[in-house]
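Enquirer: build me a model:
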Amino acid sequence: METVKTKKFLDIRNHGFVRVAVVIPRVVIGNPKANAHAHFDSLKEVYEKGAYYALCPELGITGYTCSDLFHSQELLYAALKSLDNLIGWTNGWNMLITIGIPLFVKDSVYNCAVTFHRGKILCVVPKSYLPGYREFYEPRHFACAHDAKFDTIYLPKNDALPFGTDILIYSKQYPFFVLHNDICEDIWVPIPPGTKAALHGATVLANLSASNITVGKADYRTELVIASSGRNNAVQMYSAAGFGESTTDHAWDGQGIIAERGTLLKTTERFAMHGTHIVQDVDLGSLIADRMRQNSFRANANDNDAKFRPITSNDPESLEIKSGLDQRSLAIFERDIDPLPFIPKDPRKCDERCYEVFKIQATSLARRLEAVKDKKIKLGISGGLDSTHALLVAVHAIDLLAHPRTDITAITMPGFGTTNATRSNALELAKTLGVTVEEIPINALCETMFSSIEYNPETLEKGILFENIQAWSRTFTLLAKSAQTGGIVLGTGDLSELLLGWCTYMGDHGSHYAVNAGVPKTLIQFVIDWSRTSIFKEEKDVQAIIGRILETDISPELLPHVDGKIVQKTEEIIGPYELHDFFGYYFVRFGYTVEKIARMALHAFGEKYTIAEIKKWLKVFVTRFFRNQFKRSFLPDGPKVGLACVSPRGDWRMPSDMQPDMWLEAMDSIPDSLKE
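Expert: Numbering: from 1, shown residues only. As a prediction, this is how the structure comes out:
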């Protein structure tokens, strides 16, 4: 049996996620009774999947294509009765529902969105902008929101109801959930009502639409919805009418879309002959994180002052499991969480990402070389990923400047742990690329330092001092060569090492230009592989050597090897880089709680890691992250590549004496096992 702690941890609702749904029932034109039943059947499906909010299409209770029948009293009365029935049928559900319906109010008919919850109508929102062009003639049937000179209305069996476009629905259970509705054309205009609502607190923008389909329109709708979610730092939902609407002059595809912060999350099956829906867990915490940081968002809100009326949902007192709902549904994400957040899954987008990263690094380095007196580069090469990538970037930067590759001096500095395999890979790659190659062993320099401080590694433990002296010796050697023959020392350390502090202060941590500082270890592997087949596609020998390097274990090679084999494997010491890059992305980019990060990691990596392993390495990450801020506070210049960046001149500033205690204590809420 699961413990209460485990159930709470697994429940996605406890981690800033809200499950929402777009519902597109099959329509029967001019038959509110049948449409109410169709709505109920579709809504029941998403309710049983744990949805907290469900959005239905524009005028779905009657059908959008009723035309002049919207002035039929019979149809309007039947629509009201069906609305009342639908509210009654869903009375016991803790799910907010928005449906589309024509309503006769004070001498006019309005195209409305009605939102209700647990048997109570919360508000009625009229359509603001009525299209009267091409195939649309809505002004013939409806009054627009601006025509209404009142802000409350009365419907049968209801007290005064808020009416207007200035309504925000707040949730008692989800502090970040703030809902705003608008209708179809409203999202197509230059300044949508949803944009104003987002500037004043709305996080979930829901657009009820009919929107007939024509060639190319689906792509434009998708772009429109994605852009709205990105521009407004919001969730944008969209529900378009589907099969059953009249085809007198139109066709209908039933396109439902959910987007979040400029990213498409899910779409419905189009042209379905039946009702369809999508369910998605949206991450409202990410929206709030971005809004907190973007002072321009607040400034824009101040420049577009507007008044909105707050309405509160009719939630129960606690996030109880809904009656009749399988508890497991809320312990399973309705969301794809990528275990490699720095790397797109789509191969085409991954290639584009690698292209951008490589070009950002290479052109930035080229610009730095233009600014220095001695336009040459010195860098240490080890046969590992980071120095290989830095060398490839340096070669391309030199090529872009039309300088000879010999202006790059690649120095291999074998030490006590260097293996023949990595040494030969480094030397062969440098020679094949045509750069200047030097080999300067550091053993003698290290032994001089050992003697100077009376340290004998033969009798004492080969610990951090033994390792750091080698790192300092390598940096000292590079700086000395730079002073001797000119050129900048190019740093090779990456973002993952900076997040963990897995670098020697003023050893591999120091350089004149830290070209890899914005690129995490997981991404570097992809960029190297991409550059092999793109930037260096004509250099077959280079491609072969890079292939061997990509297969090499990640190691600083600071401890003596055994029989020519690496004994110091980084990921066995500090944990898997893919986990640490996942932790670092969400910790730095969004400021998530450690509990939320662990829960997301559990879903993202599936069965690859147990919760105990995730918790173990998350503790390592948090501890090392806090205790190594002093290294990040003293970073050399280097190009910003992504949004998870730790440069003290840009994205990350924190006290170096900050302690991790509070974050480590918060991990007590993470179970050690998912079974009792």
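Enquirer: the residue positioned nearest the centre of the chain is in what secondary structure piece?
Expert: The structure's the chain has its C-alpha centroid closest to residue 341; by C-alpha atoms, centre = their mean the separation is 7.1 Å. When elements are defined using DSSP states H and E, residue 341 is found to belong to no helix and no strand.
Enquirer: again with residue 339
Expert: Assigned by DSSP H and E, residue 339 falls outside every helix and strand.
Enquirer: so which residues of the stretch 101-250 of the chain form helices?
Expert: Counting by DSSP state H, counting those that start in this stretch, the stretch 101-250 of the chain forms helices over residues 193-199, 217-231, given from the N-terminal end onward.
Enquirer: apologies, that question was intended for the stretch 501-650 of the chain.
Expert: With DSSP H, counting those that start in this stretch applied, the stretch 501-650 of the chain shows helices at 521-533, 540-550, 570-574, 577-590, 594-604, 611-627, 629-632, listed in chain order.
Enquirer: specify the beta-bridge partners of residue 105.
Expert: Note on residue 105: beta-bridge partners residue 108, judged by DSSP bridges.
Enquirer: need the contact list for it.
Expert: Residues counted as contacts of residue 105 (C-beta atoms under 8 Å, 6 or more residues apart in numbering) are 148, 153, 163. (Each C-beta comes from the backbone N, C-alpha and C, glycine too.)
Enquirer: which residues touch the last one?
Expert: What it means is residue 163. Listed by C-beta under 8 Å, 6+ apart, the contact partners of residue 163 are 105, 123, 124, 125, 126, 148, 150, 151, 152, 153.
Enquirer: the fifth one: how many residues sit nearby?
Expert: It refers to residue 126. 27 (other C-beta atoms under 10 Å).
Enquirer: now it: how far from residue 132?
Expert: Going from residue 126 to residue 132 by C-beta to C-beta, to the nearest Å gives 16 Å.
Enquirer: low-confidence stretches in the protein?
Expert: Using pLDDT under 70 as the threshold, the predicted model of the chain has low-confidence ranges 1-2, 317-328, 676.
Enquirer: domain map for it?
Expert: As assigned by automatic domain parsing, the chain contains the domains 18-331, 347-669.
Enquirer: that older thread, which of the helices of the stretch 101-250 of the chain sits most buried?
Expert: helix 193-199 (a mean of 24; mean count of other C-beta atoms under 10 Å).
Enquirer: what's that one packed up against?
Expert: When contacts are defined as 3 or more C-beta pairs under 8 Å, 6 or more residues apart in numbering; DSSP states H and E, helix 193-199 sits against strand 178-183, strand 204-208, helix 217-231, helix 295-303.
Enquirer: out of these, the one nearest residue 30 is which?
Expert: Using C-beta to C-beta as the criterion, the shortest distance between residue 30 and the helices and strands packed on helix 193-199 is 18.6 Å, found for strand 204-208.
Enquirer: report the angle between that closest one and strand 178-183.
Expert: Between strand 204-208 and strand 178-183, the angle formed by their directions is 20 degrees, by axes from the mean of the first three to the mean of the last three C-alpha atoms, to 10 degrees.
Enquirer: list the strands paired with strand 204-208, with their directions.
Expert: If you go by DSSP bridges, strand 204-208 pairs up with strand 178-183 (parallel), strand 235-239 (parallel).
Enquirer: okay, the ones you listed, which one's buried deepest?
Expert: When the strands paired with strand 204-208 are scored by mean count of other C-beta under 10 Å, the highest mean neighbour count falls to strand 235-239 (a mean of 30).
Enquirer: tell me, how many residues neighbour the spatially closest residue to residue 160 that is not a sequence neighbour?
Expert: In this structure, residue 160 finds its nearest non-sequential neighbour in residue 152, 4.4 Å apart by C-beta to C-beta, 6 or more residues apart in numbering. A count of neighbours around residue 152, defined by other C-beta under 10 Å, yields 12.
Enquirer: mind putting the helices of the stretch 101-250 of the chain into CSV with distance to residue 9?
Expert: Compiled in CSV, these are given as follows (distance: least, C-beta to C-beta, whole Å):
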stretch, distance to residue 9
helix 193-199, 31
helix 217-231, 29
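Enquirer: which among the ones you listed is found nearest to residue 43?
Expert: Going through the helices of the stretch 101-250 of the chain one by one, with C-beta to C-beta as the measure, helix 217-231 comes closest at 21.5 Å.
Enquirer: other SSEs contacting the closest one?
Expert: Judged by 3+ C-beta pairs under 8 Å, 6+ apart, the packing partners of helix 217-231 are helix 193-199, strand 204-208, strand 235-239, strand 256-260, strand 263-267.
Enquirer: and the ones you listed: which comes nearest residue 59?
Expert: Evaluated with C-beta to C-beta, these place strand 204-208 nearest to residue 59, the distance being 8.1 Å.
Enquirer: that closest one to helix 217-231, inter-axis angle?
Expert: Counting by the same axes, to 10 degrees, strand 204-208 lies at 160 degrees to helix 217-231.
Enquirer: put the alpha carbons of strand 204-208 into CSV.
Expert: Coordinates of the C-alpha atoms in strand 204-208 are reproduced here as CSV (Å, rounded to 0.1, in the frame of the first residue of the first chain):
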residue,chain,number,x,y,z
VAL,A,204,-5.3,30.5,-18.5
LEU,A,205,-6.8,32.1,-21.6
ALA,A,206,-9.6,30.1,-23.1
ASN,A,207,-11.1,30.8,-26.5
LEU,A,208,-14.4,29.2,-27.6
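Enquirer: list the buried residues for that strand?
Expert: Across strand 204-208, burial judged by 16 or more other C-beta atoms under 10 Å covers 204, 205, 206, 207, 208.
Enquirer: do stretch 338-347 as well
Expert: Taking 16+ other C-beta under 10 Å as the neighbour-count basis, stretch 338-347 is seen to contain the buried residues 339, 340, 341, 342, 343, 344.
Enquirer: closest to residue 472 among the residues you listed?
Expert: The shortest separation between residue 472 and any of those is 30.3 Å, and it belongs to residue 342 (by C-beta to C-beta).
Enquirer: before I go, just wanted to say thanks for your time.
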